[in-house]
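S.K.: One predicted model, sequence on top.
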Amino acid sequence: MTPFVANLLLALVWLVITGGFSLANLIFGFFLGAASLYLIREQVGAGSYFQHGRKVVSLILFLIYDLAVSAWRVAFVVMRPKLDLKPGVFLYRHKMRSEFEIALLSNLVGLTPGTLIFDIADDERTLYVHALDCSDPDARRREISEGFERRILELSQ
């Protein structure tokens, strides 16, 4: 049984024991089960489960941070009296290995305000990215590479 399934079962057992069938109680039971598994991680072989969980949390926190920064940038550009934009399209060559990773990268980049992935090349290695401000495409490529791409690759290892 995988540690994640064991964690879910512990959360369900918590629901049955307490008799409180609510989402908040399920989430509390999930964290309580995770804490229990963490205490016996070496005996049940769940060490990588918690490393993987930290990477998922890191990706989620970075997404929240990037959403806030991107929304601030877009709001700042839109609120200026004179729109000094240089929108454009640039190509981004990624290092993803699976279709899931490509889809996750495309969705996370496209989710942030000011960017849009509108096509994936036939070689499945190149993304066509439209940016609200494309005055420095190399900087935008670095942001994607050092941000979402790095975290997704760490998560898949």
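M.R.: Received the coordinates, thanks.
S.K.: element containing the residue nearest in space to the middle of the chain?
M.R.: Centroid-nearest residue in the chain, with Cα atoms, centre = their mean: residue 59, separated by 4.1 Å. Using DSSP states H and E, residue 59 maps to helix 47-79.
S.K.: and that helix, what other elements does it pack with?
M.R.: Contacts defined by 3 or more Cβ pairs under 8 Å, 6 or more residues apart in numbering; DSSP states H and E place helix 47-79 against helix 3-18, helix 23-39, helix 41-44, helix 99-111, helix 150-156. For every residue, glycine as well, the C-beta is placed using N, CA and C.
S.K.: got the angle for that helix vs helix 23-39?
M.R.: 130 degrees (axes from the mean of the first three to the mean of the last three Cα atoms, to 10 degrees).
S.K.: Same question for the next helix or strand after helix 47-79: list its buried residues.
M.R.: Downstream of helix 47-79, the first helix or strand assigned by DSSP H and E is strand 88-93. Neighbour-count burial for strand 88-93 flags 90, 92 (criterion: 16 or more other Cβ atoms under 10 Å).
S.K.: mind exporting strand 88-93 as CSV, just the C-alpha atoms?
M.R.: Presented in CSV, the C-alpha positions along strand 88-93 are these (Å, rounded to 0.1, in the frame of the first residue of the first chain):
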residue,chain,number,x,y,z
GLY,A,88,4.6,39.7,-28.6
VAL,A,89,5.1,36.0,-29.0
PHE,A,90,8.3,34.1,-28.2
LEU,A,91,9.2,30.5,-28.4
TYR,A,92,10.1,28.5,-25.3
ARG,A,93,12.0,25.2,-25.5
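S.K.: what's the burial count for the spatially closest residue to residue 10 that is not a sequence neighbour?
M.R.: Once flanking residues are discounted, residue 10 sits nearest to residue 33: 3.0 Å by Cβ to Cβ, 6 or more residues apart in numbering. The number of residues packed around residue 33, counting by other Cβ atoms under 10 Å, is 20.
S.K.: counting contacts, what elements does the least confident helix or strand in the chain by mean pLDDT pack onto?
M.R.: Lowest mean confidence among the helices and strands of the chain (mean pLDDT, DSSP states H and E): helix 41-44, at a mean of 72. Contacts defined by 3+ Cβ pairs under 8 Å, 6+ apart place helix 41-44 against helix 47-79.
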